[in-house]
Structure formats: C-alpha cells, structure tokens
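Trainee: Below are the sequence and a predicted model; questions follow.
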Amino acid sequence: MYKAVASARLFFFCLFCLLMTMSVHAQVLKFEQQEIDLGYIPEDTGNVVIDFKLSNASTASAIISDIDTHGGCSIVIYPKDTLAAGAKGKITVRINPKNRPGPFVRKITLHSFPDSASYDLYIKSYVEPSMKVWNQNTNETTYGSVVVSSDYIRVGNVSEQTKIEKSLKFKNTGKETIRFVASKFKKPAYVTLKGLPEKMLSGEEATVIFTIDFSIANKLGTYTDMVELYAEPGSQKEIFIYLIGKIMPVPVASPNKPMVQMPMKEFDLHDISADKPAQGSFVMKNTGASPLIIRKVETNCSCLTLDAATPLPAGESKTLYFALDPRGLSGLEEKKIMLYTNAPDQPIITLIVKAKVGT
C-alpha cells in the first residue's frame, strides 16, 4: 500500500515538474515576422537597416537577456529595459552587403528571461554584384588543407554570347598529398577547368583557369551558379566556387522583328494594407511582324510576381497581371520588374510598381 501511494506521489510530482518546465519554456515574445526577405539588393547599397517588431504576449514582464549573431558582421540594437506585459519593441539589425554577392542569409538568435526561450530571426536576400570587378584575391577561403584565393568568381555584367576566363590560385597547406577526384566534380556544362593537377604535394601551388562560355549557358539576368570540386584525403573534401554576375541579352536584328509598345510602365497601387496582397496590371502590345517572347521575368523583391505567358503574336495585345505581397513592407515602397524580351529595340523593359503600405 505504501509503495502504491509513493508511486502515485512520484508520478504526480514528475507531472507537476513537466508542466512547470513547459510553462517556463513557453515563448512569451511574439514577432510580426521572424524571417524577412529583402529580395534583390545592390552590393554597393551601403548599410541596410531591418526592424523585427515584437511584443510581450504574456501577463508578466520579460527581458531580452542575450543576442547571438553567430559570428556574422551584423550590428544588433535591442531593448535593454524590461518589457512589461503587452509592451511592444523592436530588434534593429544593420548589415552591409559589400563583398557578399549572391545568396545572402543572416541568422540572429536572442534569448529571453524568465521564460528561458530562444528565438531565431532570419534575414534573406540576393546581393546583386557591383558593376566593379573586384580583385579575386580578396576572399581567400580554406577548405581543410586546401586554400583557394577566392570562393567566388565575379563575371560582372556580360552579354549572353560572352566567353571569359578567370583564374584562382590553389595551395596545399597540409602535410599530405592532395588528390583531386575529377569523377566527383559537379559543375555546369558551360564551365571548363584547366591547370588543376590530379595531385598536389604539400606546399605546392597551382593556378586554375575557369573558362565560362555563356553562349551555351542559356542564362539571362542576375546570375549565380556553383562549381563543386572534390579533394581527398582531408577533413573537408568538397570545395565550392560560386559564379556570380549579370547576363545581358544580345538583340538579334531582323526585318520581321517583334516590337514592344507599352502605354504605361509605372503602376501606383496607392494606399494598401500591410496584411493583404495587392494586384495590378500592365498592357503590352506587339506592333512588330513576328511573335514577341518574354524570355525571363526578374524582380528586385520576392514579394513581387508577374504572370507573363508568351509568345505574343504580331499585332496582338496582352494584359500582364502582377501581385505584390506587402507583408514586411511599410511606408512608401518602389519595386522593379525587369522583362527580358526578344525585341531588338527593347531587349530589357523595366516596370515600376509603387505603393504606400499601411500598418
């Protein structure tokens, strides 16, 4: 009988502890967004400031006790004072995209007291490379015992018919001989390598030539791709080299060419709600003698999409509908849509969407 009572007491004590733990670790801070996508931003844009708005959703006071930027170069400003029940605040993060072209992700983790909860905040973007072609030797990267002068190759702004060569330096800083296993390489068909030896002795260096032939790449607009090399032995066998740039269309002259006519290239949505998608449209007419093709649609924000089914026959018109998701936006906003076409006179058409986003 005593054992049964003791077991029952132990069970309820453990259950009480579990409920208390769940209560303590229940998250009391609520964020309007824990992930903000900035879309496309220029590399030379300078400091970018992002606000994560929050509130204390509990009935007790809370404190942000610690911020972890995970070694990133972010500058974070957050409330140091106690957040009363129901109080609002914000986490301000400042980043600089210079020297970080291509896909960009920054993670910030904050911890609160007394709930002992952690919150992960994410900033995402695609950093569009600067017009300036930077020195490839300013981003030395180590992969185990292999050191590469840069883990990315900037091709800059080039035409879709361009064939270029870029070089990177490789060095074996370890004590063992490194072997590069070509059968395990992963690279686009339009990229070839020259100068990378099958094996590299300790202390040995090599200059590797990357030949990039965009005439067979079938790519347009903001561009990123990757070459993955494989070396053994070593603690880190994969070596990643990113290709970054912007590919411009080459107009093809033709007596029967398509021609674009757009009476309006700017659309103002005026006042819109921050929690409801807004829509609008542009009218496109083909006044030429052959079908008009929109080869690619590119926007400078993932919040903006456009329906551009093609081809558009000669002499016909079409309404292009766009949608703007304003979540995470505020105040006066201006976003761009770039249409890459087969019209020699207008190979790139830029459309502007404006809005005033309320809270």
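Mentor: The structure has been received and is ready for your questions.
Trainee: CA only for contacts and neighbour counts going forward, please
Mentor: Noted.
Trainee: ok, and the closest non-adjacent residue to residue 222?
Mentor: residue 246 (4.4 Å; Cα to Cα, 6 or more residues apart in numbering).
Trainee: Model confidence for the one you found, exactly?
Mentor: On pLDDT, residue 246 comes in at 86.
Trainee: host element of it?
Mentor: strand 238-248 (DSSP states H and E).
Trainee: other SSEs contacting that strand?
Mentor: Secondary-structure packing of strand 238-248 (3 or more Cα pairs under 8 Å, 6 or more residues apart in numbering; DSSP states H and E): strand 152-159, strand 221-232.
Trainee: Those strands into JSON lines, with extra columns for mean pLDDT, distance to residue 350 and mean neighbour count?
Mentor: Shown next, in JSON lines, are the helices and strands packed on strand 238-248 (pLDDT from 0 to 100; distance: least, Cα to Cα, whole Å; neighbours: other Cα atoms under 10 Å):
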{"stretch": "strand 152-159", "mean pLDDT": "86", "distance to residue 350": "17", "mean neighbour count": "20"}
{"stretch": "strand 221-232", "mean pLDDT": "88", "distance to residue 350": "12", "mean neighbour count": "18"}
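Trainee: got those strands as a markdown table, with distance to residue 210 columns?
Mentor: Formatted as a markdown table, the helices and strands packed on strand 238-248 follow (distance: least, Cα to Cα, whole Å):
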| stretch | distance to residue 210 |
| --- | --- |
| strand 152-159 | 9 |
| strand 221-232 | 10 |
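Trainee: So which of those strands is nearest residue 191?
Mentor: strand 221-232 (8.3 Å; Cα to Cα).
Trainee: How far away from the center of its chain is the closest one?
Mentor: Computed by Cα atoms, centre = their mean, to the nearest Å, the separation of strand 221-232 from the middle of its chain amounts to 16 Å.
Trainee: Contacts made by that strand with the rest, please.
Mentor: Taking contacts as Cα atoms under 8 Å, 6 or more residues apart in numbering, the residues outside strand 221-232 that touch it are 102, 128, 178-182, 184-188, 237-248, 296, 298, 340.
Trainee: Any of those buried? List them.
Mentor: 102, 128, 178-180, 187, 237-248, 298, 340 (16 or more other Cα atoms under 10 Å).
Trainee: Excluding chain neighbours, what is closest to residue 330?
Mentor: Using Cα to Cα, 6+ apart, the closest residue to residue 330 is residue 357 (4.8 Å).
Trainee: Of all the helices and strands packed on strand 238-248, which one is nearest residue 333?
Mentor: Residue 333 lies closest, by Cα to Cα, to one member of the helices and strands packed on strand 238-248: strand 221-232, at 21.7 Å.
Trainee: CA atoms only for the closest one - export them in CSV, please.
Mentor: What follows is strand 221-232, C-alpha atoms only, in CSV (Å, rounded to 0.1, in the frame of the first residue of the first chain):
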residue,chain,number,x,y,z
GLY,A,221,19.6,38.4,-65.8
THR,A,222,21.0,38.2,-62.3
TYR,A,223,23.2,35.1,-62.3
THR,A,224,24.6,32.7,-59.8
ASP,A,225,25.9,29.1,-60.2
MET,A,226,28.3,26.8,-58.5
VAL,A,227,31.3,24.6,-59.2
GLU,A,228,31.9,21.8,-56.7
LEU,A,229,35.4,20.2,-56.7
TYR,A,230,36.4,17.1,-54.6
ALA,A,231,39.7,16.5,-52.9
GLU,A,232,41.0,13.7,-50.7
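Trainee: can you state the direction angle for that strand and strand 152-159?
Mentor: Inter-element angle recorded for strand 221-232 and strand 152-159: 150 degrees (by axes from the mean of the first three to the mean of the last three Cα atoms, to 10 degrees).
Trainee: what are the ranges of the strands in the stretch 151-300 of the chain?
Mentor: 152-159, 163-172, 178-180, 191-194, 199-200, 205-213, 221-232, 238-248, 260-261, 266-272, 278-286, 294-299 (DSSP state E, counting those that start in this stretch).
Trainee: who touches the helix or strand harbouring residue 53?
Mentor: Here residue 53 sits within strand 48-56, counting by DSSP H and E. Applying Cα under 8 Å, 6+ apart, the external contacts of strand 48-56 come out as 28-34, 62, 83-97.
Trainee: Relative to it, what are the paired strands and their orientations?
Mentor: Here strand 48-56 is paired, per DSSP bridges, with strand 29-31 (antiparallel), strand 88-95 (antiparallel).
Trainee: What residues does residue 295 make contact with?
Mentor: 339-342.
Trainee: Name the spans of the protein whose pLDDT lies under the cut-off.
Mentor: 1-27, 70-74, 99, 130-139, 234-235, 359 (pLDDT under 70).
Trainee: domains for it, by residue range?
Mentor: 29-128, 136-248, 260-357 (automatic domain parsing).
Trainee: between those, which one is nearest to residue 254?
Mentor: Checking those against residue 254 by Cα to Cα gives domain 260-357 as the closest, at 8.1 Å.
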